[in-house]
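**Q** quick one: sequence plus predicted model below, questions after.
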Amino acid sequence: MLITSRNFLLIALLLVSPVAADERAGKRYVIIHADDAGMSHSVNRATIDAMEKGIVSSASIMVPCPWFVEIAEYARTHPEKDFGIHLTLNNEWKRYKWGPVASREKVPSLVNKEGYLWQSVPEVAANAKADEVEIELRAQIDRALKFGVPVTHLDTHMGAVVSRPDLVEIYIKLGIEYKLPVLFSRAIGERTLKDYPALKGKSEQIVAALKRNKLPVLTGLAQFYGGRSQESRKETYLKTLRELKPGVHQIIIHCGYDDEELRAITNSAANRDGDRRIFSDPEVIAEIRKMGVEVISWKQFRAMRAK
């Protein structure tokens with residue numbers, strides 16, 4: 001399921017059962033997915049460039065963020081691209097802030113005393129009322145649709161929507177109601193359960209509900225934050241891709257330009273710039289093709305599972 005701890009571990013979740021047709025055939029697919037579009041102009045530029053010049057096949061948009069309008073306009077005018085909604089309940093940066101999309105009067109439990117979304121996921125879990133979470137997440141999806149974003153899927157910023165069992169239910173409910181796939185993997189590893197105990201014992205139930213509603217579920221999911229150098233990060237990504245089992249996986253990355261704007265927001269500017277460069281590197285792209293791993297989008301994934 002969703003992997004969030006900003007550590008130096010690579011977490012890969014592998015399918016145990018049941019087996020889809022592509023797995024029986026031994027085929028390997030991957031969605032190269034860029035999180036956090038809409039966060040800043042730097043992130044938007046980098047995400048677009050990595051989709052147009054590189055091998056990034058999907059991205060998700062943070063609707064509450066200041067640069068949402070820019071990426072929404074791009075998504076609307078480039079319907080061939082693949083954009084989901086990065087459902088956002090927290091605002092982790094110290095000086096770069098955003099609030100809810102819904103009016104604060106409707107979602108008072110989602111904001112701190114300054115009126116911004118809670119900074120951390122534990123604060124969301126401790127304070128957010130489920131009915132207000134649903135109001136806010138609907139507002140985010142509806143705003144994206146109002147701006148003409150051809151939404152392909154839903155996922156979650158830092159896993160906040162899977163921090164409590166009742167929020168997990170809302171997440172799946174909204175996917176089914178809006179007829180949108182949600183980011184979920186069919187096997188949940190021990191580390192993920194440690195980070196998100198709300199998922200314990202729920203995997204089979206969630207997968208069954210998604211399947212009943214003809215929504216695809218990933219075979220596996222990987223995300224990597226660490227690495228002492230650009231080269232070591234590249235090798236970790238390539239190693240992960242080489243070792244993918246048959247099925248449909250997603251690798252989550254974060255694109256950016258290591259510029260003054262992004263450095264003023266986050267200390268991850270260099271790594272985000274590195275992700276953009278890695279997945280725009282012709283040598284990396286050629287190596288992935290040589291592995292026989294096919295890069296697809298969420299739209300393609302859904303179409304595959306509909307057959």
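**A** In hand now; what should we look at?
**Q** can you give me the strands in this protein?
**A** Ranges of strands in the chain, per DSSP state E, are 10-12, 28-37, 58-61, 83-87, 151-156, 220-224, 247-254, 294-295.
**Q** winner for burial among the ones you listed?
**A** Compared across those, strand 58-61 shows the largest average neighbour count, a mean of 29 (mean count of other CB atoms under 10 Å). The C-beta positions use only the backbone N, C-alpha and C, and glycine is treated the same way.
**Q** packing partners for that strand?
**A** strand 28-37, helix 68-77, strand 83-87, strand 151-156 (3 or more CB pairs under 8 Å, 6 or more residues apart in numbering; DSSP states H and E).
**Q** mind putting those in CSV, mean pLDDT and distance to residue 267 included?
**A** CSV is the format used below for those (pLDDT from 0 to 100; distance: least, CB to CB, whole Å):
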stretch, mean pLDDT, distance to residue 267
strand 28-37, 98, 15
helix 68-77, 98, 23
strand 83-87, 98, 20
strand 151-156, 98, 22
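**Q** got the ones you listed as a markdown table, with distance to residue 238 columns?
**A** Supplementary listing: the helices and strands packed on strand 58-61 in a markdown table, determined by distance: least, CB to CB, whole Å:
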| stretch | distance to residue 238 |
| --- | --- |
| strand 28-37 | 12 |
| helix 68-77 | 28 |
| strand 83-87 | 25 |
| strand 151-156 | 24 |
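**Q** out of the ones you listed, the one nearest residue 265 is which?
**A** Residue 265 lies closest, by CB to CB, to one member of the helices and strands packed on strand 58-61: strand 28-37, at 10.5 Å.
**Q** for the chain, give me the ranges with low pLDDT.
**A** Within the chain, the stretches with pLDDT under 70 are 1-24, 187-189, 307.
**Q** so which residues of it form helices?
**A** For the chain, the helices defined by DSSP state H occupy 21-24, 41-52, 68-77, 121-127, 130-146, 165-177, 190-195, 203-212, 230-242, 260-265, 269-278, 282-291, 298-306.
**Q** what's in contact with the longest one?
**A** Counting contacts by CB atoms under 8 Å, 6 or more residues apart in numbering, the residues outside helix 130-146 that touch it are 61, 63-64, 68, 72, 85, 87-89, 100-102, 106-110, 151, 154, 161, 164, 166-167, 170-171, 173-174, 178, 180.
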